[in-house]
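Asks: Okay, structure incoming, though there's no sequence with it:
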């Protein structure tokens, strides 16, 4: 992860607090630096199998060039959804994204409050009625009805401090707010 | 993917249409079979790094046991977001989930209409203002402002058929509707 031997930066929860403080000062001075654009490319293979490639993004005023190689991820489906478990399926990847974002947002804001986290793990579950996907019942939404996150967290603070932190965190998590608020998705066909 | 040598099932777009038809008939007879619960477990490692484990789910009236091993995925962050590119980050995994779901939903409903797809690829992009994540400006939503999907698709049908298909597809994709409609996320602290 971060190289603790290279410099003696004070870290809280594995985050370089000097870098974090510098970043926040820079964003306050120039909010344009806070504008990010993330991207993914995806190619259909067959049936319920498709592969995403993720690498470049724009942020902090420039195109990022920190990644030497692409990240690639495979969506698949289980047999009961006509696949052969070629990968996790898209609605499961959504849970992974949500778990990670709520976790990182919690770790970040804990560090900002001077809270050291010892352990943090989550379990997520959500229900989907596939009649929506299949178009069998227009009254059924194809998406998750709700998603529940059970979080186990141990830290050097009181239960009240943790409850206050967790009241703040989901509302500041980019993935969580993308899920719990309506975000427009526009599909355009291109040649 | 599917084993074409084992049985001579007619496939469209890599989907076993006999199995698809049987599934839809079963769901129409017993809508309880359409109820799925998906799950993920996640463990924080350090800083912006955490790992999800995905395997079990409930669907079609039973606990699934088709997966011999866990899927594991690592969230990380790029240096500009205080990480070392240990993995794609959660908002990028969300784009992967969305790309996959819109693709699979399109492939499925194309098959149902008898449309053979030759090629399907997508490019996704979305903007995030990290002032929201950092709590620097309460008027800024931490999530994506909007997500745009450019889809390249080649199939054995007219442009009008494709436009009609793509007008139907996003509104029936579980991930797309989870993003574009408000879905409650509940975080509960457990011991």
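Replies: Sure, I can see it. This one's a predicted model, so the numbers in the text were calculated from it and none came from an experiment. Numbers count the residues shown, from 1 in each chain, chains lettered A, B, ... in the order given.

Asks: Check the spacing between residue A:177 and residue B:182 real quick.
Replies: Residue A:177 sits at a distance of 10 Å from residue B:182 (criterion: C-beta to C-beta, to the nearest Å). Glycine gets a C-beta too; all of them are placed from N, C-alpha and C.

Asks: Of those two, which one has the most company?
Replies: Comparing residue A:177 with residue B:182 by other C-beta atoms under 10 Å in any protein chain shown, the one with more neighbours is residue A:177, at 22 against 12.

Asks: Am I right that that one is in a strand?
Replies: No. Read with DSSP: H, G, I helix; E, B strand; the rest coil, residue A:177 is helix and lies in no strand.

Asks: Pull the contacting residues for residue A:42.
Replies: The contact partners of residue A:42, taken as C-beta atoms under 8 Å, 6 or more residues apart in numbering or on different chains, are A:50-53, B:96, B:99-100, B:103, B:121-124.

Asks: Let me have these in CSV, extended by distance to residue B:130, neighbour count and pLDDT.
Replies: Converted to CSV, these look like this (distance: C-beta to C-beta, whole Å; neighbours: other C-beta atoms under 10 Å in any protein chain shown; pLDDT from 0 to 100):
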residue, distance to residue B:130, neighbour count, pLDDT
A:50, 29, 28, 98
A:51, 28, 20, 98
A:52, 22, 28, 98
A:53, 23, 17, 98
B:96, 20, 31, 98
B:99, 22, 33, 98
B:100, 25, 34, 98
B:103, 28, 29, 98
B:121, 29, 18, 98
B:122, 25, 25, 98
B:123, 22, 18, 98
B:124, 19, 25, 98
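
Asks: Out of the residues you listed, name the ones that lie in helices.
Replies: Counting by DSSP state H, the contacts of residue A:42 place B:96, B:99-100, B:103 in helices.

Asks: Please, where are all the strands along chain A?
Replies: Along chain A, counting by DSSP state E, strands occupy A:11-12, A:15-16, A:35-46, A:49-54, A:58-59, A:62-63, A:71-75, A:117-129, A:147-155, A:185-190.

Asks: could you dump the ones you listed to CSV with distance to residue B:188?
Replies: Formatted as CSV, those follow (distance: least, C-beta to C-beta, whole Å):
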stretch, distance to residue B:188
strand A:11-12, 25
strand A:15-16, 25
strand A:35-46, 29
strand A:49-54, 31
strand A:58-59, 32
strand A:62-63, 40
strand A:71-75, 29
strand A:117-129, 10
strand A:147-155, 5
strand A:185-190, 29
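
Asks: Can you read off the pLDDT for the residue nearest to residue A:69 when sequence neighbours are not counted?
Replies: Computed as C-beta to C-beta, 6 or more residues apart in numbering or on different chains, the closest residue to residue A:69 that is not its neighbour in sequence is residue A:55, at 7.5 Å. pLDDT for residue A:55: 98.
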